[in-house]
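Asker: give me coordinates for this.
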Amino acid sequence: MAIKFVQSRLSWVLQGQSSTAAAVQTLLARVLILAVNLATGIITARTLGATGRGEQAAMILWSMFLANTVTLGLPSAVIYNFKAHPQRKSELFAAALLLGTGLGFVASAIGIIWIPLWLSQYSPDVVRAAQWFMLNAPIALVQLLILAALEAMGDFTASNRLRLLIPLITLVALISLAVADAITPLTSSLAYTLNGLPIFFWTLTRLWRLLRPQWQGITSAAQQLVHYGLRSYGVDLLGALSLQLDQVLVVSFLDPASMGTYVVALSLSRMLNVFQMAIAAVLFPRAAARPMSEVIALTGQAARLTTALTFTVGLAIIALGPFLLELLYGAEFVQAARVLYILVIEAVISGAALVLAQSFMALGNPGVVTVLQGAGLALSVPLMIWLIPIFGLVGAGLALLASTVVRLLFTLSCYPLLLKVPLPALLITKQDLIFLRQKLLN
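Answerer: Numbering: from 1, shown residues only. The predicted model follows:
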């Protein structure tokens with residue numbers, strides 16, 4: 001009996017057809033991805049040390065960061081328009097691929113030109129390698145669109161598979177390099193960048209055959225994407241900046257060893273965001289174009305459940321911080337404990353704000369989220385510029401925490417002010433637990 005129950009639950013999760021099953025599947029996939037990324041981070045930190053880890057981060061940071069900053073909101077536009085206009089998926093997908101590829105090359109050009117200025121305190125070899133890695137920006141941007149298309153069609157299994165296989169291949173490559181004693185900042189960066197290409201092209205081919213892009217009518221489809229995308233672009237842009245601007249400023253202000261230490265603390269704290277990011281990834285596609293009452297109810301419940309879980313895990317990380325840093329990364333990284341505590345608190349708050357913002361995205365008001373994130377970012381940038389040179393890594397953490405608190409407060413206030421609904425409750429209720437238990441057991 002127990003075996004049949006376990007088998008039925010596994011089948012339910014793996015198929016991911018209902019919203020709850022898709023959320024659980026996405027969460028499990030993100031946990032696995034987190035474990036794999038943790039393993040890759042341990043390998044690079046222990047073999048390269050703080051300085052080498054910082055150089056490696058500086059090489060590969062820019063292609064993904066700049067690809068995320070020039071999206072023009074296309075990932076969100078793909079999800080919304082696929083749901084709102086399912087009969088035009090072929091034209092929309094074709095337009096998204098063309099726009100994404102072109103924007104990716106724009107990101108490459110920006111990076112190649114400006115990286116020497118951003119990495120002035122790094123060696124010429126690191127700067128040159130970072131410029132070469134900018135050629136990956138078009139692939140990084142198109143990959144975001146592929147994931148958006150899969151999730152818009154409800155194929156979270158394929159999306160989760162793509163997200164998981166790429167870091168798995170990277171892990172295998174890093175282990176091989178470590179065994180061969182050939183791991184360096186450059187070779188590890190190549191492992192992170194090149195090993196996902198086979199999976200990327202395989203998924204693109206599969207999606208191409210499924211959607212059969214239509215070039216006739218591509219102009220109107222592109223206009224449709226850009227119309228929504230420009231309104232949500234601020235969300236993508238500010239989201240990318242809020243996630244990676246701290247690294248950009250740390251890498252610009254501080255030495256490679258400090259960068260390596262910060263990346264380790266950041267990666268450990270970002271373990272917490274796996275819960276909210278998994279829920280948000282499912283919540284937006286599932287809630288898009290639904291009635292307001294349903295969107296608000298779904299979002300509020302998701303925010304309460306994920307915040308409670310994240311808070312609990314966060315307390316454990318704070319309690320075990322120095323021990324975990326030494327155990328996983330080595331004694332050289334124990335000094336990251338001070339900034340780790342701040343980043344853990346920030347991760348809990350930013351996750352809650354991320355989930356709550358999905359209401360505005362699903363109701364076709366991405367501009368609201370843009371303003372919310374912009375307010376937080378407008379505070380974080382001057383704070384970072386001011387605090388990082390004075391307090392180093394701790395200054396970066398404090399600036400992030402302050403901006404995130406402001407963003408959460410603004411997000412909460414927009415519910416009664418703009419949507420004219422009561423302020424969402426953030427404390428988990430007995431009804432939430434009953435709902436969760438029913439969804440997992442039935």
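
Asker: helix/strand/coil for the residue nearest to Leu328 when sequence neighbours are not counted?
Answerer: Nearest residue to Leu328 in three dimensions, chain neighbours excluded: Ile42, at 5.3 Å (CB to CB, 6 or more residues apart in numbering). No exception for glycine: its C-beta is placed from N, CA and C like everyone else's. Of the three states, Ile42 takes helix according to DSSP: H, G, I helix; E, B strand; the rest coil.

Asker: my guess is Ile42 meets Glu326, correct?
Answerer: No - Ile42 lies out of contact with Glu326 (CB atoms under 8 Å); the separation is 11.7 Å.

Asker: looking at these two, which is more packed in?
Answerer: Shown here are Ile42 and Glu326; by other CB atoms under 10 Å, Ile42 has more neighbours (17 against 14).

Asker: can you tell me how far that one sits from Leu190?
Answerer: Counting by CB to CB, to the nearest Å, the separation of Ile42 from Leu190 is 19 Å.

Asker: Met292 too?
Answerer: Distance from Met292 to Leu190, by CB to CB: 48 Å.

Asker: equivalent analysis for Ala96, please.
Answerer: 28 Å.

Asker: who has more neighbours, the two?
Answerer: Ala96 (28 against 19).

Asker: now Leu412: closest residue in space, sequence neighbours ignored.
Answerer: Leu412 sits nearest to Leu423 (CB to CB, 6+ apart), 5.8 Å away.

Asker: just Thr203 next, same as before
Answerer: Leu162 (5.1 Å).

Asker: what's the answer for Arg161, then?
Answerer: Arg161's closest residue in space is Ala29 (CB to CB, 6+ apart), at 7.8 Å.

Asker: residue contacts, the closest residue to Glu332 other than its chain neighbours?
Answerer: Distance criterion CB to CB, 6+ apart; nearest residue to Glu332, sequence neighbours excluded, is Ala50 at 5.5 Å. The contact partners of Ala50, taken as CB atoms under 8 Å, 6 or more residues apart in numbering, are 256-258, 260-261, 264, 332-333.

Asker: just to revisit the earlier point, which other helices and strands contact the host helix or strand of the residue nearest to Thr203?
Answerer: Under the criterion of DSSP states H and E, Leu162 resides in helix 156-179. Contacts defined by 3 or more CB pairs under 8 Å, 6 or more residues apart in numbering; DSSP states H and E place helix 156-179 against helix 19-69, helix 137-152, helix 185-194, helix 197-211, helix 273-287.

Asker: in a markdown table: those, plus mean pLDDT and distance to Leu168.
Answerer: As requested, the helices and strands packed on helix 156-179 are arranged in a markdown table below (pLDDT from 0 to 100; distance: least, CB to CB, whole Å):
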| stretch | mean pLDDT | distance to Leu168 |
| --- | --- | --- |
| helix 19-69 | 84 | 6 |
| helix 137-152 | 90 | 16 |
| helix 185-194 | 93 | 12 |
| helix 197-211 | 88 | 9 |
| helix 273-287 | 64 | 16 |
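
Asker: figure out which of those helices is closest to Val394.
Answerer: Judged by CB to CB, the one of the helices and strands packed on helix 156-179 that comes nearest to Val394 is helix 19-69, at 16.2 Å.

Asker: what angle sits between that closest one and helix 185-194?
Answerer: 130 degrees (axes from the mean of the first three to the mean of the last three CA atoms, to 10 degrees).

Asker: so which residues of the stretch 251-400 of the chain form helices?
Answerer: Under the criterion DSSP state H, counting those that start in this stretch, the stretch 251-400 of the chain contains helices at 256-269, 273-287, 292-319, 321-329, 337-362, 366-391, 393-414.

Asker: where does pLDDT dip in the chain?
Answerer: Within the chain, the ranges that satisfy pLDDT under 70 run 1-27, 235, 239, 275, 277-290, 366, 435-442.
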